[in-house]
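Asker: Quick one: sequence and predicted model below, then my questions.
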Amino acid sequence: MFNTVAVTNDKPRSFFKKEHLLFQQSFREFLEKEAIPYYDQWEKDGEVPRLLWKGIGENGFLCPWLDVEFGGFGADFGYSVVLSEELERIGSGLAGISIHSDVVAPYIASFGTIDQKHRYLPKFSTGEMISAFALSEPGTGPELANIQTTAVKKDGYYRINGAKTFITNGLRADLMIVACKTDVDAVSSLDGISLLLVDKDTPGLTRGRKLEKDGGNGSETADLFFDDVAVPVGNLLGEEGKGLSYIMQNLQQERLLCAIGSLVAAKDMFRLTKGYVKERKTFNKNISQCQKTRFTIAEIATDIQLGSTFVDDLVCKHMNGENIITEVSMAKYWITEMSKRISVRCMQLHDGYGHKGDEKIIRRHRDITVPSFHTGSDATVKTLIANHNGF
Ligand SMILES: Cc1cc2nc3c(=O)[nH]c(=O)nc-3n(C[C@H](O)[C@H](O)[C@H](O)COP(=O)(O)OP(=O)(O)OC[C@H]3O[C@@H](n4cnc5c(N)ncnc54)[C@H](O)[C@@H]3O)c2cc1C
């Protein structure tokens with residue numbers, strides 16, 4: 001059986017007030033009852049049931065940062081940290097919920113019209129609607145300005161043609177935010193991208209099969225195909241041509257959440273490994289007593305301490321509204337790398353037993369590569385860091 005005991009021994013964090021801890025406690029209790037017993041099966045199924053989304057929403061855990069009129073309670077980002085961390089504690093397969101709550105919904109809250117907000121956000125917060133953000137394309141690569149999906153405006157509609165790939169929640173999303181090229185002749189291709197809201201039943205929209213993945217299996221990922229999909233001009237999110245600028249504005253929070261999730265996974269692998277080396281005996285002594293093991297434990301503990309200090313500092317700055325996109329990109333790159341490094345070392349300490357298919361450590365080992373791809377590849381993230389350093 002997979003070991004699904006939650007990580008314990010949290011250290012107090014400056015941005016957590018009493019209210020955050022209460023929220024954390026009650027969300028943890030909810031998940032212990034409603035998610036942990038079923039998580040192994042969801043990983044096999046390749047999706048989590050809608051019932052869980054609804055349960056999380058109806059109990060007030062989804063999009064808590066939304067204004068009261070849209071179903072939230074005006075919570076600060078500390079609550080989003082709780083949501084994301086508690087989901088990741090159970091497994092990376094729940095990442096789609098966090099993406100819905102703290103990556104997709106903020107686009108509508110920040111750039112949507114009042115009508116769009118009323119139409120979608122209350123249902124986002126109850127879990128009645130699942131959302132996705134569709135940017136990546138099969139052939140486009142990291143250069144976003146190269147997006148090939150087009151949306152041509154005519155007679156009150158945008159007609160969308162193209163394809164998207166790797167879209168989290170793509171199969172079941174009721175609403176998708178789709179990045180399209182609305183001005184193929186724009187002098188700067190950066191000005192030609194817009195974001196459009198596409199409802200699930202719009203004719204011409206088809207979804208590919210659920211993509212087979214090697215990690216984060218509970219979170220479904222799919223291809224989307226747009227064959228002359230007509231959406232009313234009223235489905236434009238924000239201003240035409242401002243899509244890339246909106247994506248850049250939201251990137252700070254997205255990358256920060258990515259670093260946060262990756263760190264939780266690293267901590268969980270460390271917890272599992274500490275438990276294992278204390279139990280496993282060779283030559284009549286626990287392997288935890290070997291000097292090599294102790295040094296490895298010391299090195300992992302140091303990595304995690306550094307990562308936690310870095311992330312917590314960035315969370316405080318993000319909550320203060322500071323522009324820290326470079327630092328957050330550094331955290332995303334460094335922590336996702338660090339987690340992969342830790343994963344290899346934890347697997348080495350488990351050795352053969354780490355490769356038994358039903359051990360949680362092997363699942364973590366598979367899942368740990370996924371955050372490296374989210375919110376841009378290493379190349380994209382490092383390019384931004386180099387640019388900010390004058391290169
Ligand atoms: C599980 C999962 C969920 C996802 N969910 C979503 C989603 O919901 N919505 C969405 O839009 N996308 C999503 N994606 C897509 C994800 O954002 C992309 O995979 C990511 O941006 C990397 O793009 P790519 O896979 O095309 O890799 P590429 O950009 O092709 O990169 C491949 C490799 O080449 C390197 N590389 C690229 N360019 C350079 C260069 N100039 N110099 C040196 N090295 C370079 C990269 O670092 C990387 O190692 C998801 C992906 C996965 C795996």
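Answerer: Structure received.

Asker: CA only for contacts and neighbour counts going forward, please
Answerer: Will do.

Asker: mean confidence for stretch 211-229?
Answerer: Mean pLDDT, stretch 211-229: 89.

Asker: And it, what's buried?
Answerer: 211, 213, 215-226, 228-229 (16 or more other Cα atoms under 10 Å).

Asker: so who does residue 202 touch?
Answerer: 229, 230, 231 (Cα atoms under 8 Å, 6 or more residues apart in numbering).

Asker: So which elements touch the helix or strand containing residue 295?
Answerer: Per DSSP states H and E, residue 295 falls inside helix 291-319. Applying 3 or more Cα pairs under 8 Å, 6 or more residues apart in numbering; DSSP states H and E, one finds that helix 291-319 contacts helix 77-90, helix 243-279, helix 325-350.

Asker: would TSV of the ones you listed with mean neighbour count and distance to residue 65 be doable?
Answerer: Listed next are those as TSV, based on neighbours: other Cα atoms under 10 Å; distance: least, Cα to Cα, whole Å:
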stretch	mean neighbour count	distance to residue 65
helix 77-90	22	7
helix 243-279	21	13
helix 325-350	22	21
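
Asker: okay, those in CSV with distance to residue 165 next?
Answerer: Converted to CSV, the helices and strands packed on helix 291-319 look like this (distance: least, Cα to Cα, whole Å):
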stretch, distance to residue 165
helix 77-90, 23
helix 243-279, 17
helix 325-350, 22
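
Asker: Can I get stretch 286-296 in CSV, CA atoms only?
Answerer: Written as CSV, here are the backbone C-alpha positions of stretch 286-296 (Å, rounded to 0.1, in the frame of the first residue of the first chain):
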residue,chain,number,x,y,z
ASN,A,286,20.2,0.3,10.7
ILE,A,287,21.5,2.0,7.6
SER,A,288,20.7,5.3,9.3
GLN,A,289,23.8,4.7,11.5
CYS,A,290,26.2,4.6,8.5
GLN,A,291,28.2,7.7,8.1
LYS,A,292,27.4,7.9,4.4
THR,A,293,23.7,7.9,5.1
ARG,A,294,24.0,10.5,7.8
PHE,A,295,26.0,12.8,5.5
THR,A,296,23.4,12.4,2.7
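
Asker: Tell me which residues are up against that stretch.
Answerer: By Cα under 8 Å, 6+ apart, stretch 286-296 touches 274, 277, 278, 279, 280, 281, 345, 349.

Asker: chain center to that stretch: distance?
Answerer: Its chain's C-alpha centre and that of stretch 286-296 lie 34 Å apart, by Cα atoms, centre = their mean, to the nearest Å.

Asker: average pLDDT for that stretch?
Answerer: 89.

Asker: Same question for that stretch: list its buried residues.
Answerer: Neighbour-count burial for stretch 286-296 [16+ other Cα under 10 Å]: 287, 288, 293, 296.

Asker: picking that back up, which of the contacts of residue 202 lies closest to residue 340?
Answerer: residue 229 (40.2 Å; Cα to Cα).
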